[in-house]
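>>> here is a sequence with its predicted model. Questions after.
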Amino acid sequence: MNKKKMYGAMVSTAILVAGCGVEGKAQTVAVEDSARPIQNNIVKSIQSQAKRLKTIEPSKSFDDLKLLKNMIGRAQYVGLGENTHGSSEIFTMKFRLVKYLVTEMGFTNFGMEEDWGNGLKLNEYIQTGKGNPREFLKLLYPTDEIIAMIEWMKDYNADPSNKKKIQFIGLDLKTMDQSVFNKVIDYVKLHRPDLLAEVEENYKELSLFTGSIQEYMQLAPEKKEKFKANAEKVVELLKDENEQASTERVSSELIWVKATANAVEKFTIMLLPNDYPSIVRLHDQYLADHAMWAQEIFGGKTMVWAHNIHIAKGIIDEQLYPNVAGQFLKERLDNNYVTIGSTTTEGKFTLYSEYNPSTGGKLATEIIPQDVNSFNYTLGKVPYEMFLLDNRHLKGQAKKWVREKRPLLSIGGQLIPNGSLYFDTSLLEQFDLIFHIRKTSPSHIK
């Protein structure tokens, strides 16, 4: 494999199926308790400060979640993480947290680790009911658990008593299909026909190559520079368009059109570099940019739904993700950004046994491996099925424990050759809060 193809495969795998693991069957890294006994005083310290959760069901009472108001405080951004892309109970608990944040704390901007173009379609769905949300969720996200959340968002927005509506933002730039370009072209055709020929000309060839990161990265540098200039030109053409927006409806539509043109430009900038770290840095920087854009435009408060790796305050996987969105948000927002990571100890999860960016993937389930030295294993010894832990305000042995570096489970959408399932890190450095569910099962994906 030549160097250009190697970078293309590496980047597309990292961005498309975040996280990694050892190829093949997930291996257990464990020894008997008798050989390395868990320190009971640490477990007891954690147990005494953990906040027990009663259920994962979003329809149940929020009594056990009320303490989140104090834990989150005045922060206007909350990251909601998942330690696999395929755990049913994790997805359902995240839905419950979303529902709580919306109905009890006024969070109405929802940013997801999903492509910008799919975000446009999902936002239209929760505003109007148009389309099929399962078709707009890609990779490992079209699950029954996430669809249930999308349906609840639609019903929430349809209720006239809810004055401030939920806005759905696709934070990612993995691919851009023709519908993304049509979002801009259709607006121009209707409201600025004088610009139509120029916009269509700038997007005509570019739109043929943005459906695949691997294919785009094979383009000659001169071609990528040309496409970047084309995308910039459209952004410039729309720059002063606000004066032309004569009604509130047109003005609202224009907000999304201009942001879409900017997203296209970012895609072309992201894939200009030839080195992997620069591409991935830009990728996660733009995830953070889109989350902040939502709040700048719509006001309110913002939720960021993604893998633990992306919402964490620091770096979990230095090899694949040398910079992450949560790191950028923390640097910009400080305590105005609160991270809620998820952990589990045992069970099974959904993933791709094979994945090809062009043809898709084959789904499988794997057993979650054990590592007795890990955070996950110790958390599993706490005699609660599920609980919240505020890492920032622990005392005693637990305080020291969350600050130490030890293995943390992090599994993405596919097991990558020679990858890892556990990463040495500090739980406190990555997450302000965690919710732990001891045993999880595979997500329900069709």
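Alright, I've got the coordinates.
>>> the strands in this structure, which residues?
51-52, 77-80, 107-115, 167-172, 301-305, 337-356, 360-367, 386-390, 405-409, 422-426, 433-440 (DSSP state E).
>>> nearest to Asn230, of those strands?
If you check each of the strands of the chain against Asn230 by CB to CB, strand 107-115 wins as the nearest, at 20.0 Å. (Each C-beta comes from the backbone N, C-alpha and C, glycine too.)
>>> tell me the spacing between the most centrally placed residue in the chain and Arg332.
Among the residues of the chain, the one closest to the centroid is Ala306, at 2.1 Å (CA atoms, centre = their mean). According to CB to CB, to the nearest Å, Ala306 stands 17 Å off from Arg332.
>>> surely the residue nearest to the centre of the chain meets Gly81?
Yes: using CB atoms under 8 Å, Ala306 is in contact with Gly81, at 6.7 Å.
>>> helices of the stretch 251-400 of the chain, start to end?
Ranges of helices in the stretch 251-400 of the chain, per DSSP state H, counting those that start in this stretch, are 276-298, 308-311, 325-333, 375-380, 396-403.
>>> quick one: low-confidence ranges for the stretch 301-446 of the chain?
355-360 (pLDDT under 70).
>>> one more pass at 80, please.
The stretch 301-446 of the chain contains residues with pLDDT under 80 at 353-361, 415-419.
>>> returning to what we had before: any idea which of the helices of the stretch 251-400 of the chain is most buried?
Highest mean neighbour count among these (mean count of other CB atoms under 10 Å): helix 308-311, with a mean of 30.
>>> using CSV, list the CA coordinates for that helix.
Provided in CSV are the C-alpha atoms of helix 308-311 (Å, rounded to 0.1, in the frame of the first residue of the first chain):
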residue,chain,number,x,y,z
ASN,A,308,-16.3,8.9,25.0
ILE,A,309,-13.2,9.6,23.0
HIS,A,310,-14.7,12.7,21.4
ILE,A,311,-16.4,14.3,24.4
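>>> who are the packing partners of it?
helix 325-333, strand 337-356 (3 or more CB pairs under 8 Å, 6 or more residues apart in numbering; DSSP states H and E).
>>> of all those, which one is nearest Ser48?
strand 337-356 (18.4 Å).
>>> and the angle for the closest one with strand 405-409?
50 degrees (axes from the mean of the first three to the mean of the last three CA atoms, to 10 degrees).
>>> and strand 337-356, what's buried?
337-345, 347-352, 355 (16 or more other CB atoms under 10 Å).
>>> how far does that strand sit from the chain's center?
12 Å (CA atoms, centre = their mean, to the nearest Å).
>>> output that strand as CSV, nothing but the C-alphas.
What follows is strand 337-356, C-alpha atoms only, in CSV (Å, rounded to 0.1, in the frame of the first residue of the first chain):
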residue,chain,number,x,y,z
TYR,A,337,-18.4,22.5,29.5
VAL,A,338,-19.2,19.4,31.7
THR,A,339,-18.4,15.9,30.5
ILE,A,340,-20.5,12.9,31.4
GLY,A,341,-18.7,9.7,30.3
SER,A,342,-20.1,6.2,30.4
THR,A,343,-18.5,3.0,31.6
THR,A,344,-19.5,-0.7,31.8
THR,A,345,-17.9,-3.8,33.1
GLU,A,346,-19.4,-6.8,31.3
GLY,A,347,-21.8,-8.0,28.7
LYS,A,348,-21.9,-7.8,24.9
PHE,A,349,-21.9,-5.0,22.3
THR,A,350,-22.6,-4.4,18.6
LEU,A,351,-19.8,-3.6,16.2
TYR,A,352,-18.7,-4.1,12.6
SER,A,353,-16.8,-7.4,12.0
GLU,A,354,-15.9,-5.9,8.6
TYR,A,355,-16.2,-2.3,7.4
ASN,A,356,-15.6,-0.8,4.0
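>>> now it and strand 360-367, what's the angle there?
With the same axes, to 10 degrees defining the directions, strand 337-356 sits at 110 degrees from strand 360-367.
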